[in-house]
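Chemist: Return a 3D structure for these sequence lines:
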Amino acid sequence: MITLSPFARLAGVSLSAILLTVGCSKAPETTSKQIPAGKEYAGFLSDYANLKPNPEFDGKALTYARPDAEKNLRHYVAIIVDPVQTYLASDADGAKVDENARASVVEYFRAAMVHAVSDAFPVVYEKGPLVLRLRTALVGIDSGSDVKPDEGADPQSAPKRALNIGKVGVEMELVDSESGEQIAAMVDHANLGAGGEAATLRTEREEKFRIARAAFDEWASRVRQFLDSTQEITADADRVDKSYQPYNK
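Modeler: Next up, the predicted model:
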């Protein structure tokens, strides 16, 4: 059973509204890469060398945050949230992965990530000075069970097969939007979605889909917890609005 953080429990209240706006802002990638057999990581991050186990996440997450004063999180004032990338498990059959299910998953997870960071950083869509870029990948997805015809609202776009997220983890990094330098990174191997499948995440038609929704909400929450704990900050929307520099003290 997944135990949700306070953030994750609140996230569901406004994610539906965010999906309506975020989903229209930038189309997701239409293909998945595949994790090379025998590799520990997907190869998504620009650098893995500085990652270390983080005891605040039960030792299942590896994290890094740049410590120097000129290039750390407190230095930045806004953030771009990129479309979420997907990596198939090394033993997955890519021909069986349903694109409509994958598109629904990445749309939902990007909305969850926007919700997680937007009260700390204003979300923008163009690179610039002091602007971060959040890059995120779901790694280890596989094809799941067939979806019944009546489980999709739109027959044309309804997934025919769900995604199995039982092996899924997350790779995330924040980079400088202009230079591409890595400012912070996280690899989360926590198996939050054990027993879960994902198809049309806008609905809660069965328990497997609810597990998937809860897992994506919690992964987004863990990313925000990492940022907060690393920088010793708390969410403060009023401070963001007044100063436009949420991580500066």
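Chemist: Only C-alpha atoms from now on, for both contacts and neighbour counts.
Modeler: Fine.
Chemist: mind listing what's buried in the longest strand along the chain?
Modeler: Taking DSSP state E as the criterion, the chain has its longest strand at strand 131-146. Neighbour-count burial for strand 131-146 flags 131-144 (criterion: 16 or more other C-alpha atoms under 10 Å).
Chemist: Just give the closest residue to Gln85, not the sequence neighbours.
Modeler: Of all residues not flanking Gln85 in the chain, Ala137 sits nearest, at 4.4 Å (C-alpha to C-alpha, 6 or more residues apart in numbering).
Chemist: residue contacts, the one you found?
Modeler: Ala137 makes contacts with Phe44, Val84, Gln85, Thr86, Tyr87, Val170, Glu171, Met172, as judged by C-alpha atoms under 8 Å, 6 or more residues apart in numbering.
Chemist: Of all pairs in those, which one is the farthest apart?
Modeler: Farthest apart among those by C-alpha to C-alpha are Tyr87 and Met172. That separation is 12.9 Å.
Chemist: Have a look at those two and say which one is more surrounded.
Modeler: Tyr87 (24 against 20; other C-alpha atoms under 10 Å).
Chemist: got the CA coordinates for the host helix or strand of that one in CSV?
Modeler: For Tyr87, the element it lies in under DSSP states H and E is strand 85-88. Presented in CSV, the C-alpha positions along strand 85-88 are these (Å, rounded to 0.1, in the frame of the first residue of the first chain):
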residue,chain,number,x,y,z
GLN,A,85,10.2,11.3,-21.4
THR,A,86,9.6,7.5,-21.2
TYR,A,87,12.0,4.6,-21.2
LEU,A,88,10.8,1.0,-21.7
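Chemist: Need the contact partners of that strand.
Modeler: The contact list for strand 85-88, computed with C-alpha under 8 Å, 6+ apart, reads 28-29, 31-35, 42, 94, 106, 136-142.
Chemist: where along this structure do the helices fall?
Modeler: Taking DSSP state H, the helices of the chain run over residues 6-22, 99-117, 207-231, 237-243.
Chemist: and the direction of the longest one versus that of strand 131-146, what angle?
Modeler: Here helix 207-231 runs at 160 degrees with respect to strand 131-146, directions being taken by axes from the mean of the first three to the mean of the last three C-alpha atoms, to 10 degrees.
Chemist: Mean confidence (pLDDT) on helix 207-231, please.
Modeler: The average pLDDT for helix 207-231 rounds to 87.
Chemist: what's it packed up against?
Modeler: Packing contacts for helix 207-231, counted by 3 or more C-alpha pairs under 8 Å, 6 or more residues apart in numbering; DSSP states H and E, involve helix 6-22, helix 99-117, strand 197-198.
Chemist: Just give me the lowest mean pLDDT stretch among these.
Modeler: Across the helices and strands packed on helix 207-231, helix 6-22 has the smallest mean pLDDT, namely a mean of 39.
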